[in-house]
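*Asks:* below are the sequence and a predicted model for it; my questions follow.
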Amino acid sequence: MAVPKRKTSRSNTRSRRANWKTTATTLTSCPQCSAPKQPHIACPSCGTYAGRHYDVAERSEHQG
Amino acid sequence: MPTPTKGPRLGGGPAHERLILANLATSLFEHDQITTTTAKAKRLRPLAERLVTFAKRGDLHARRRVLTVVRDKGVVHRLFTEIAPDMADRQGGYTRITKIGNRKGDNAPMAVIELVREPLSAKKATVAEAEAATKRSAKTKKVGKSPAASKSEAAVSTTEADAAVDDAPIVGSAGSEAPLVDATEAEVLVADPAGAEGVVLQDPDDEADDTSNTKA
């Protein structure tokens, strides 16, 4: 079986990992309570989406 | 019919997926609203809507077809007697999926899938009707222009006149924008009416059929 000939250098490892980036989540403000929320998802603070209310969408501190 | 699902089944295999979806459908018709993962909700939607269509048909054959999926007779009874009458005016779109963010334990995207029980609101119905009317007038405008340009030919059939009266307010409003275009395009379109009306005149029997006029 083919195996790597050389140990991957610290430099190569770090330059590879330097490109593992994350992006900020797109946020909009809830039309109902003007709290930040993700688009196309029910508001986590007031639980409304398109004028309808969903209890299960509401998130508290503990639920995260 | 919905297109067959690509990719892996839900659960462990095809039979497991059928069981999962049947249980989800049973719960949905029992409670009207269930919370599940987005993936399951998306798979459930076509199945549930097909079952509602069976329920709207309402005969014994349809009931037996539904019973092959939803095994609970009580739930099927509720579907046929309570849910189906509410969906009578609705042409599809019996369920609504709303995303509610990710679950805490495994970060799975969750959704609420619910039956749309409320009656079609008058406002939305009129909006849909108006959109359909504008579409129709857009179609008739192409056809309707040509007879207007060539009234002297007196070849405008009564069916077309009727259609024009029906769509009068919309055609009028569209016409308010159109005349400038008409004046320029009329000369270009003069060649068309002969051909277009020739088609109409061939079948003057379809007096009541508006669609044939619009297509012609």
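*Replies:* Thanks, I have it. Note that the structure is a prediction, hence the values are computed from the model and not measured.

*Asks:* now chain A against chain B: closest residue?
*Replies:* Distances between chain A and chain B by Cβ to the nearest Cβ are smallest at A:Ala57, namely 3.8 Å. Heads up, the C-betas are built off the backbone N, CA and C, glycines and all.

*Asks:* tell me how far that residue lies from B:Ala55.
*Replies:* 29 Å (Cβ to Cβ, to the nearest Å).

*Asks:* check B:Gly92 too.
*Replies:* 13 Å.

*Asks:* tell me which of these two has more neighbours.
*Replies:* Using other Cβ atoms under 10 Å in any protein chain shown, the more surrounded residue of B:Gly92 and B:Ala55 is B:Ala55, with 25 against 9.

*Asks:* what does the pLDDT read for the more buried one?
*Replies:* Looking at B:Ala55, its pLDDT stands at 96.

*Asks:* name the element it belongs to?
*Replies:* helix B:38-57 (DSSP states H and E).

*Asks:* check chain B for the residue nearest chain A and tell me.
*Replies:* B:Ile100 (3.8 Å).

*Asks:* okay, stretch B:75-95 in PDB with CA atoms only?
*Replies:* Extracted in PDB, the C-alpha atoms of stretch B:75-95 (Å, rounded to 0.1, in the frame of the first residue of the first chain):
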ATOM      1  CA  VAL B  75     -57.400   8.600  12.400                       C
ATOM      2  CA  VAL B  76     -58.600   7.700   8.900                       C
ATOM      3  CA  HIS B  77     -62.100   8.500  10.000                       C
ATOM      4  CA  ARG B  78     -61.000  11.900  11.300                       C
ATOM      5  CA  LEU B  79     -59.100  12.500   8.000                       C
ATOM      6  CA  PHE B  80     -62.200  11.700   5.900                       C
ATOM      7  CA  THR B  81     -64.900  13.400   8.100                       C
ATOM      8  CA  GLU B  82     -63.100  16.400   9.600                       C
ATOM      9  CA  ILE B  83     -60.000  17.300   7.600                       C
ATOM     10  CA  ALA B  84     -61.200  16.500   4.100                       C
ATOM     11  CA  PRO B  85     -64.200  18.900   4.200                       C
ATOM     12  CA  ASP B  86     -61.900  21.800   5.300                       C
ATOM     13  CA  MET B  87     -59.700  21.100   2.200                       C
ATOM     14  CA  ALA B  88     -62.600  21.100  -0.200                       C
ATOM     15  CA  ASP B  89     -61.800  24.500  -1.800                       C
ATOM     16  CA  ARG B  90     -58.000  24.000  -1.700                       C
ATOM     17  CA  GLN B  91     -56.300  22.700  -4.800                       C
ATOM     18  CA  GLY B  92     -53.200  21.100  -3.200                       C
ATOM     19  CA  GLY B  93     -50.900  22.700  -0.700                       C
ATOM     20  CA  TYR B  94     -52.600  21.000   2.200                       C
ATOM     21  CA  THR B  95     -49.600  21.000   4.500                       C
END
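
*Asks:* do any residues in that stretch lie close to chain A?
*Replies:* No: Stretch B:75-95 stays clear of chain A (Cβ under 8 Å from any Cβ of the partner chain), getting no nearer than 13.7 Å.

*Asks:* got the buried residues for that stretch?
*Replies:* Buried positions in stretch B:75-95, judged by neighbour count with 16 or more other Cβ atoms under 10 Å in any protein chain shown: B:Val75, B:Val76, B:Arg78, B:Leu79, B:Phe80, B:Ile83, B:Ala84, B:Met87, B:Tyr94, B:Thr95.
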